[in-house]
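Enquirer: this one's sequence-less:
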């Protein structure tokens with residue numbers, strides 16, 4: 001064959017192969033994207049130009065590697081994810097970029113316990129991203145509405161950048177959650193879960209929590225979420241409630257709670273609690289091996305709490321560090337059970353936190369509240385500034401104290417002799433008297449910390465020149 005024709009044939013073959021590869025890639029892209037729109041039709045193929053009408057139809061068709069894009073509009077349905085993705089090919093359910101996709105539960109009946117507007121049970125490698133999820137309510141005591149529910153066991157679930165609001169129980173003894181992760185199986189856990197960038201607000205929760213990880217849940221990250229104006233606990237990590245089928249796995253563990261903003265969380269007026277200030281912004285109740293860091297927690301009932309509500313059980317190996325905690329109604333940080341029948345708080349570390357003018361409702365919580373059954377906790381290198389209650393540390397029980405408290409900075413604007421301290425049920429006035437009574441804080445100091453802008457609550461530290 002002539003060299004010229006050989007070269008032309010080779011060129012045509014290269015072009016043909018390239019076109020085939022491009023066509024295969026386009027086909028693959030089409031297959032891995034499904035589209036949903038309120039003006040679609042469930043008889044359509046789910047393409048961009050011929051979208052499906054309901055989210056549920058799309059997730060039923062989804063396979064590993066599929067992204068379901070939900071276009072602008074309101075979807076009055078419940079969505080149940082019935083398939084798992086794979087680590088390299090997750091199933092993703094997301095609002096179409098720069099469009100508002102709303103899942104509205106106002107016409108969805110809560111008909112079974114722990115029912116989510118979006119539910120993921122015993123599934124792995126699923127992502128839910130970018131939705132507004134709202135108006136899901138019940139008047140029945142034994143039903144629990146949830147915005148997004150993850151349960152059973154599984155790996156690699158991601159709940160990202162959703163706006164969850166007006167999820168409500170309207171029964172005085174009811175329960176509801178914004179986002180709930182319940183590890184109900186054993187030994188298989190819900191693990192490697194990420195809950196990040198979500199907004200949870202304006203919810204009526206009864207006895208339950210805004211964002212909860214409960215039972216057999218391991219290796220989690222709860223980061224960059226905003227929680228506000230809810231009538232019970234903001235973020236709660238729980239163990240020992242009988243959620244898992246085996247007690248030894250019934251404990252949320254090995255997790256990070258980082259860079260969240262939690263404010264205006266209060267149980268006051270919640271029918272389940274009455275007129276009590278008992279809701280924590282961030283709470284670990286029976287969890288272990290958890291880091292709580294770089295969060296901003298303010299104007300809640302309690303700032304951050306680490307305790308176990310179950311006798312004989314403990315919250316352990318929790319590090320609470322570098323958080324800004326201010327103007328909460330009771331304690332800034334609370335550890336230990338609220339009475340002698342509760343469990344213990346053991347081997348936790350509280351360090352590098354700024355606790356500023358908490359105890360605004362004069363609850364005798366102070367900046368730091370040490371309750372029943374606290375053992376071998378280290379409380380060091382924190383800054384604590386008393387507010388109008390004048391109370392810095394409150395340790396109202398008569399327990400033998402094995403905690404280590406030192407290298408902290410304390411301040412009250414009217415001077416160290418006007419500070420209040422409660423130690424082993426006795427009230428003490430003045431910093432020196434507290435040191436003598438407690439035998440703690442030998443290397444700590446009483447001095448005014450210099451913040452960048454205290455009036456604007458900018459608590460970055462400024463070093464004097």
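Expert: Nice, thanks for sending it over. Since the model is a prediction, treat every value here as computed from it, not as a measurement.
Enquirer: flag the shaky bits of the stretch 301-450 of the chain, pLDDT-wise.
Expert: The model of the stretch 301-450 of the chain has pLDDT under 70 over residues 400.
Enquirer: mind redoing it with 90?
Expert: For the stretch 301-450 of the chain, the stretches with pLDDT under 90 are 340, 398-401, 425.
Enquirer: quick one, helices of it?
Expert: 431-438 (DSSP state H, counting those that start in this stretch).
Enquirer: relative to the whole chain's centre, how far out is the helix or strand hosting residue 148?
Expert: In the assignment (DSSP states H and E), residue 148 maps to strand 145-151. Counting by CA atoms, centre = their mean, to the nearest Å, strand 145-151 is centred 13 Å from the centre of its parent chain.
Enquirer: swap in stretch 46-54?
Expert: 34 Å.
Enquirer: ranges for the strands of the stretch 1-150 of the chain?
Expert: 33-36, 67-70, 73-75, 79-81, 91-95, 101-104, 115-121, 126-129, 132-138, 145-151 (DSSP state E, counting those that start in this stretch).
Enquirer: tell me how many other residues surround the residue nearest to residue 78 when sequence neighbours are not counted.
Expert: Once flanking residues are discounted, residue 78 sits nearest to residue 108: 5.1 Å by CB to CB, 6 or more residues apart in numbering. In this view, the C-beta of every residue, glycine as well, is placed from N, C-alpha and C. Look at residue 108: counted by other CB atoms under 10 Å, it has 18 neighbours.
Enquirer: and if you look at the one 4 residues further on?
Expert: For residue 112, the tally of surrounding residues (other CB under 10 Å) stands at 10.
Enquirer: just the one 3 residues further on next, same as before
Expert: When neighbours are counted by other CB under 10 Å, residue 115 registers 20.
Enquirer: what does the strand holding residue 148 rub up against?
Expert: Strand 145-151 has contacts (CB atoms under 8 Å, 6 or more residues apart in numbering) with 105, 110, 114-122, 128, 133-134, 136-138, 157, 159, 162, 164, 167-169, 176-184, 190, 193, 200.
Enquirer: and with 6 Å instead?
Expert: If you take CB atoms under 6 Å, 6 or more residues apart in numbering as the criterion, strand 145-151 is touched by 110, 114, 116-121, 133, 136, 138, 157, 159, 164, 167, 176-182, 184.
Enquirer: partners of that strand, with directions?
Expert: If you go by DSSP bridges, strand 145-151 pairs up with strand 115-121 (parallel), strand 177-183 (parallel).
Enquirer: nearest to residue 225, of those strands?
Expert: strand 177-183 (8.7 Å; CB to CB).
Enquirer: my guess is residue 189 contacts residue 214, does it?
Expert: No. If you go by CB atoms under 6 Å, residue 189 and residue 214 don't touch, sitting 11.9 Å apart.
Enquirer: who's more crowded, these two?
Expert: The neighbour count for residue 189 versus residue 214, taken as other CB under 10 Å, is higher for residue 214 (30 against 25).
Enquirer: report the buried residues of stretch 41-59.
Expert: The neighbour-count check on stretch 41-59 (16 or more other CB atoms under 10 Å) flags 44, 46, 51-59 as buried.
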